[in-house]
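Chemist: Got a predicted structure here, sequence first:
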Amino acid sequence: MAKMTYIEAARLAVAEEMRRDPLVWAVGEDLGRGGVFGQYKGLVDEFGPERISDAPISESCIMGAAVGAAMTGTRPIVEMRFSDFALCAVDELVNQAAKARFMFGGQTRVPIVVREPIGMWRSSAAQHSQSLEAWYAHIPGLVVAVPSTPADNRALLKAAIRCDDPVVFMEHKNLWPLEGEVPEGDDVGRFGKAGSCREGCDLTIVSWSAAVHTAMEAATALASEGIEVEVLDLKTLWPWDRDAVLASVERTGRLLVVHEAVAVAGFGAEIAATVAEHLHGALKAPIRRLGAPRIPISYAPVLEDEVRVTAGAVAAAARGLMGR
Amino acid sequence: MAKMTYIEAARLAVAEEMRRDPLVWAVGEDLGRGGVFGQYKGLVDEFGPERISDAPISESCIMGAAVGAAMTGTRPIVEMRFSDFALCAVDELVNQAAKARFMFGGQTRVPIVVREPIGMWRSSAAQHSQSLEAWYAHIPGLVVAVPSTPADNRALLKAAIRCDDPVVFMEHKNLWPLEGEVPEGDDVGRFGKAGSCREGCDLTIVSWSAAVHTAMEAATALASEGIEVEVLDLKTLWPWDRDAVLASVERTGRLLVVHEAVAVAGFGAEIAATVAEHLHGALKAPIRRLGAPRIPISYAPVLEDEVRVTAGAVAAAARGLMGR
Amino acid sequence: MTDDPSSYGSNLNMERYRAHYGQMCRIREFEKAAITAAQNKLVLGAIHPSIGQEAVAVGVCGNLRRDDIILSTHRGHGHTMAKGADPLAMMRELFGRAGGYSQGKGGSMHIADFEVGMLGANGVVGANINIAAGAAHAIKLRGEDRVVVCFFGDGAINRGPFLEGLNWAGVFRLPILFVCEDNGFAATTRTHAMTSGGGPAARAEAMGIAADTVDGNDLVAIDEMARDLIDEARQGRPRFLLARTYRLTGHTSADTAPYRSEEEVELRWLNDPITNMRRILEAAGVPGTQLTAMAEAAKSEMKRAYEAAAATDWPSRELAYADVQDIGDPRERAF
Amino acid sequence: MTDDPSSYGSNLNMERYRAHYGQMCRIREFEKAAITAAQNKLVLGAIHPSIGQEAVAVGVCGNLRRDDIILSTHRGHGHTMAKGADPLAMMRELFGRAGGYSQGKGGSMHIADFEVGMLGANGVVGANINIAAGAAHAIKLRGEDRVVVCFFGDGAINRGPFLEGLNWAGVFRLPILFVCEDNGFAATTRTHAMTSGGGPAARAEAMGIAADTVDGNDLVAIDEMARDLIDEARQGRPRFLLARTYRLTGHTSADTAPYRSEEEVELRWLNDPITNMRRILEAAGVPGTQLTAMAEAAKSEMKRAYEAAAATDWPSRELAYADVQDIGDPRERAF
Ligand SMILES: Cc1ncc(C[n+]2csc(CCOP(=O)(O)OP(=O)(O)O)c2C)c(N)n1
Ligand SMILES: Cc1ncc(C[n+]2csc(CCOP(=O)(O)OP(=O)(O)O)c2C)c(N)n1
Ligand SMILES: [Mg+2]
Ligand SMILES: [Mg+2]
């Protein structure tokens, strides 16, 4: 075990995989100077500018070229800088990367990792703060990863780089400085395997990405009130660990889904709907979802906070479900 | 009342609104020759090539220019040809059109109508068949319309053109030739008002767009078996008529959501989740959703049909919910 | 076309051009068969014939190795066949049958044969340009000496990827040849009406990609120019070729093209690239009977392909769930 | 800059340039105050100073009418102020306070003042180009004689909208002037390393938009050229202006720019557009004391704006739900 930050863990994963496989390379704006958040810092020194490649401000071509390069035997890591800018490359991701293998009847594969940092990051406003993970979960052909800890960031990023499917890899910008233990050795993550952050018999909270930490904060507070919450971190949304969620809710009889994204048509709806479909009768309380209201994200802190799902709100919702 | 097709109704709506308001104009590829499906046929003769404007193959600019033209006092109708091509213009729609009014603190509005024909249309394959209505319902600032009949297509398109918000207007390609009665007079639709296609006490089916007709076919078959189904046509997904759905499910105790789009993270999840949240205890059976499996749409008819939600599947699901 | 066919005279590589003539006939007959199949409701999706543009496909692809790569557009039959694909597997794909190149999952607009380096037609205009740049990027990273050819139409130059992909190729000095087939139309629109400035070649030059222009209905001229440009491109000097041609059919097989006059089209038929080539070969001494026989052979080959495709089974339903992705269960349907 | 400042001599419109000098000082001081505010955690979002590029904003906008329109980028303070916006309302916006132009909902990267025709900075590089084309399109449709100016950086020319928007302006003959501020950098990257071909002007020309190049640190030259180009543009002849300048600060106020040497930056400071203008005015007879006083006045104006902004309330929480859209309830949260 080594202590490192979420961003260091990502850097480590890229370095390890690039050492292991000479066909892995990364491309994006400013990567030679470490990338906009320093996610690639120092990597150009080890791997050179061909494999840690700068790019013009051409999101469509960064994504589209990665598709072609993946079809031609390399494994590109695509850096989109902010998930918001990936909206300049949706055709390339959704119409091309996600569909090529199927549409060409299995003649090709598109092993790309699309890194799209998500989420609110103080006063980044409406065009630099979005969390659109639900979109990509809806698209056949894509894998969607949303790690919440340094260990998962390393393990899942390694898994993503080794995966033959296009993976949308969403790191949360607020988590970059988060410290945590990261296992030594070649720890490669598994898609579709939730983590249990905390066990409890009263209520299941399902969450992912930065919201997991909010959920844990709420769970700690609730424990002191005698409410024992089980917190599941999905880690990936496609596939998502349906079995773990159903098993937990079957035990607790109560479900609260917590995410940062807009609640309406967010991925929380998929989880809530699935549980409602499968555990009708086993539920002791209505399912609840907590997400953002359907408003763009503001610049002013006081307004930005208005869309935030806080630990206080989570705890209040949990109490509600417990009838307190 | 006049009998006309879905496509004629749309043409009528555009003509009527363009006559009413000289600031309304339409722009897209090939519009001067009537548009790819003939939706604009003849309109250039009446309104001239400036108001029924051709465009280069530049989806980003068609959308982006419409945003600027809307901010500058005109009301553009944007033709995207296939909703799939609108994926070339997502930044313009989601980062610009949807957010401008909010992000600029109410200094501007973006009254555009984005026509994005959706859905399967025999052997159009993976890049010409998608239904991504769930995406836009998730985006603050957007209105989403999904009409299923000629009358609604006219009324809602007129409403969309008059609306000061950006409206994603999704016509289903398979419905173009569908005939129906269309009221005379200035019939302007209301967003967020579901239609009841059929009343029934046993089960509520919620649907929209072409799937409504599938649901109705199933409902007719079910009636002959003594199962009385209530079919609600949402017509718009943002806003969606939550009150009508909750009222109906409260009465029937059973909900089946039917849509053509991929089920996973489809808009059906939002409806199912909302009903589960609000009507816990009032449900006599588990909620069910029917949508496409998470596979791209194939070209070969036999494979294309594999993603289709058929009347038979709807009826079978309904019977299941009735315990038959 | 060359005004005086005999000008190619005895320098003509007879074998080469006879083969190319045959290839053009095969493409022509394939598409005629496909159009018939569409009329007979055996091909259900849209098809975009390249009738009148065959010389570009054959002239360019004739200079490629099997391990070289091409990317194509919605109008991709000619490119695909010229790169070496089998017309029966193509026809089966258009018919949506088992044994089609993509098991019937793609159809005409996504025709592809990765075995011969044909990395796909594309339903999104211009999208292939970035993908092609990426394929060339991979070739460079891997230190190979393959080359990529990217075909697209005159309408595609108005989409952003045209700029982004050409700039990319220039910045990274990639082994790629861009071939713009200027057939005058973007669907039902005359492209020039929606294009500002000096057109495809001027734009390419401004992006640092040296551009040449060729008569797209003159196979010999294309062949010679493509050879040089592909040599250049293979060295990491990206190049651009503008081929001026004409789309003799409607945009799709269903398009009767009422937006242009019959006279215009008739006039253009006088410049049919296949007839042009035939004239040159005859002038160079190839007997007309031999050429007619080649055309007939192409016709019967495609008739056989049509019949064989029509007699082929549908793909197994299970294939709907195959090749979606490794991770996650594609059958997941909410229920 | 002009090598010999006195060359402008007595032909100089003294009043005009004195005012422009003052305007440049105001922009400079506004941004210096904003940087201080960022250091003091009063401005929380990223800010992109235009220090060193003020002459372009002032020189171009000085030729616009109030009802003309501009579109800007992430680096938009200068353009906004030059178009006539109030620095206090701007500062409040940067501070995220009530009374900011967008009620604190947009911040620096979305600064806008629609009243003076400033239709917004933009957080997405290049996105403003298409929006600007559309604004000009609306002007043409409405038969007005207004004009649009679209500012963007040298990095933006590698995004698709650059091609699509310029082509659009050319095809529809729109009243628009594109102004590319070539400051040598796209964030931490030297733009030329990622740009193929002859650069912004060559690309514009290829798209049929006549392009001129100007020293972006020479206010007089910009003013004169912009006047002519805006006149042209107003007649529906879209024009392009490439202004060569330099970004004297880091990309954001937090960027220490380790990717370039101190010597490079020091050298560039010798070509500071404000100092250049001052030299010209002094040579033309304006007393230095007067110019110093103007600079001081600008400084105290911005100090007052800073203090007033810092003393202003946060926006009311209710505003989070305002101006989302007319249709549908934005408060809808799942529960
Ligand atoms: C992004 C996108 N926009 C629009 C279309 C619809 N479309 C298909 S082909 C075509 C015309 C293309 O013209 P060109 O590039 O000249 O190729 P050609 O058809 O002439 O071979 C159009 C507009 C599309 N497929 N993709
Ligand atoms: C589409 C998009 N990609 C990337 C970014 C991140 N980004 C912000 S500013 C910038 C550099 C822009 O360079 P340039 O256009 O020259 O403008 P300058 O910053 O020099 O004024 C980049 C890459 C962005 N905002 N939008
Ligand atoms: Mg064409
Ligand atoms: Mg720059």
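Modeler: Right, received. Where do you want to start? Ligands and ions are numbered 1, 2, ... in the order given.
Chemist: Quick check, A:Ala159 in contact with A:Gly189.
Modeler: Yes - contact criterion CB atoms under 8 Å: A:Ala159 and A:Gly189 qualify, at 4.2 Å. C-beta coordinates here come from the backbone N, C-alpha and C atoms, glycine included.
Chemist: ok, the closest residue to A:Met18 other than its chain neighbours - contacts?
Modeler: Nearest residue to A:Met18, sequence neighbours excluded (CB to CB, 6 or more residues apart in numbering or on different chains): A:Val24, at 4.9 Å. Listed by CB atoms under 8 Å, 6 or more residues apart in numbering or on different chains, the contact set of A:Val24 reads A:Glu17, A:Met18, A:Arg51, A:Thr74, A:Arg75, A:Pro76, A:Ile77, A:Ile161.
Chemist: ok, the third one to C:Phe185 distance?
Modeler: Using CB to CB, to the nearest Å, one gets 43 Å for the distance from A:Arg51 to C:Phe185.
Chemist: tally of neighbours for the residue of the stretch 151-300 of chain C found nearest chain A?
Modeler: Nearest to chain A in the stretch 151-300 of chain C, going by CB to the nearest CB, is C:Glu164, at a distance of 3.6 Å. Using other CB atoms under 10 Å in any protein chain shown, C:Glu164 has 32 neighbouring residues.
Chemist: so which helix or strand takes in it?
Modeler: When elements are assigned from DSSP states H and E, C:Glu164 belongs to helix C:160-172.
Chemist: do that helix and chain D meet?
Modeler: Yes - judged by CB under 8 Å from any CB of the partner chain, helix C:160-172 comes into contact with chain D through C:Gly160, C:Pro161, C:Phe162, C:Leu163, C:Glu164, C:Leu166, C:Asn167, C:Trp168, C:Ala169, C:Gly170, C:Val171.
Chemist: what pLDDT does A:Met1 get?
Modeler: Note on A:Met1: pLDDT of 84.
Chemist: Sorry, wrong one. I was asking about A:Asp54.
Modeler: For A:Asp54, pLDDT reads 98.
Chemist: show me the residues around it that make contact.
Modeler: A:Asp54 neighbours (CB under 8 Å, 6+ apart): A:Val27, A:Gly28, A:Glu29, A:Asp30, A:Leu31, A:Gly32, D:Thr189, D:Ala193, D:Met194.
Chemist: Would you quantify the distance from the fourth one to B:Ala89?
Modeler: Using CB to CB, one obtains 26 Å as the distance from A:Asp30 to B:Ala89.
Chemist: cool, and the third one?
Modeler: With the distance defined as CB to CB, A:Glu29 ends up 21 Å from B:Ala89.
Chemist: Also the first one?
Modeler: According to CB to CB, A:Val27 stands 24 Å off from B:Ala89.
Chemist: For the two, indicate the residue with more neighbours.
Modeler: B:Ala89 (31 against 25).
Chemist: Thought B:Gly64 was touching that one, still the case?
Modeler: Yes - applying CB under 8 Å as the test, B:Ala89 and B:Gly64 come out as touching, 7.2 Å apart.
Chemist: For the residue of the stretch 151-300 of chain C closest to chain A, which non-adjacent residue is closest in space?
Modeler: A:Cys61 (3.6 Å).
Chemist: helix, strand or coil for the one you found?
Modeler: Assigned by DSSP: H, G, I helix; E, B strand; the rest coil, the conformation of A:Cys61 is helix.
Chemist: quick one, what contacts it?
Modeler: A:Ala55, C:Asn130, C:Ala133, C:Pro161, C:Glu164, C:Gly165, C:Asn167, C:Trp168.
Chemist: For it, give me the pLDDT.
Modeler: On the pLDDT scale, A:Cys61 is placed at 98.
Chemist: From C:Gly155, how far off is it?
Modeler: Distance from A:Cys61 to C:Gly155, by CB to CB: 19 Å.
Chemist: next one: C:Asn183
Modeler: C:Asn183 is 9 Å from C:Gly155, where distance means CB to CB.
Chemist: With C:Ala37 instead?
Modeler: 26 Å.
Chemist: Looking at these two, which is more packed in?
Modeler: C:Gly155 (25 against 21).
Chemist: need the residues of the stretch 101-250 of chain A near chain B, please.
Modeler: A:102-103, A:125-127, A:132, A:134-135, A:137-141, A:238.
Chemist: Mind checking which of these are in strands?
Modeler: Here DSSP state E is the test, and these give A:Trp238 as lying in strands.
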